[in-house]
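Trainee: Kindly generate the corresponding structure for this input.
(one chain, ligands or ions: 1)
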Amino acid sequence: MRRYFILSAAFLMLLLLSYCGSARRGAPIYAPLAIESEAVANGEAVYMTYCNKCHPGGAAGLGPAINNKPLPGFMIKLQVRKGFGVMPAFKEEHITDQQLDNLVAYLKELKAAK
Ligand code: HEC
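Mentor: Alright, predicted model coming up:
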């Protein structure tokens, strides 16, 4: 009897895990953004701190929209590190490489959600 209980508990766990793990793979996401990964959540925090005032919600503000074009990750990183025109450069003291990776992950989600 006990063995059956353990077995079915294990089965339930597996079932739960498979639900949580891959609910959204390959499926389009629509706003509001469902943030699932820690990297993306961190990226959002960085974005809100440093970028949102000029690119509100990824849309155009003082800066151009960045959620409507296919910007490759390295271009985003270059733009953030070097700055351009009115946009200031953000050095490692403000945004670490790790945070920059997260930021790019967040921007990809943001664009996919459009
Ligand atoms: C002070 C306002 C300001 C802030 C803060 C700012 N940006 Fe910008 N951003 C701009 C402006 C202005 C441009 C257009 C630059 C140009 O081409 O002259 C721009 C351009 C860009 C581009 C290129 C868009 C394109 O069409 O090629 C990206 C990507 C970008 N910003 C990302 C970011 C990210 C990520 C952050 C946060 C780390 C950020 N920006 C913070 C003003 C800002």
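Trainee: From here on, just use CA atoms for contacts and neighbour counts.
Mentor: Fine.
Trainee: And the closest residue to Lys77 other than its chain neighbours, what's its pLDDT?
Mentor: Once flanking residues are discounted, Lys77 sits nearest to Leu100: 6.9 Å by Cα to Cα, 6 or more residues apart in numbering. Confidence at Leu100, expressed as pLDDT, is 97.
Trainee: Could you look up the SS state of Leu100?
Mentor: helix (DSSP: H, G, I helix; E, B strand; the rest coil).
Trainee: Residue ranges in this structure under the pLDDT threshold?
Mentor: 1-35, 114 (pLDDT under 70).
Trainee: what does it put close to the ligand?
Mentor: Proximity of the chain to the ligand (Cα under 6 Å from any ligand atom) is limited to residues 47, 50-51, 54, 62-64, 66, 76, 79-80, 84-88.
Trainee: Neighbour-wise, which one of those leads?
Mentor: The most crowded member of the residues of the chain next to the ligand, judged by other Cα atoms under 10 Å, is Tyr47 (23 neighbours).
Trainee: before we move on, the earlier item: sort out for me which of the residues of the chain next to the ligand are in helices.
Mentor: 47, 50, 76, 79-80 (DSSP state H).
Trainee: Could you pull up phi and psi at the nearest residue to Ala89 once chain neighbours are set aside?
Mentor: Counting by Cα to Cα, 6+ apart, Ala89 lies nearest to Gly83, which is 3.9 Å off, once chain neighbours are set aside. Here is the backbone geometry of Gly83 (degrees, to the nearest 10): phi 70, psi 170.
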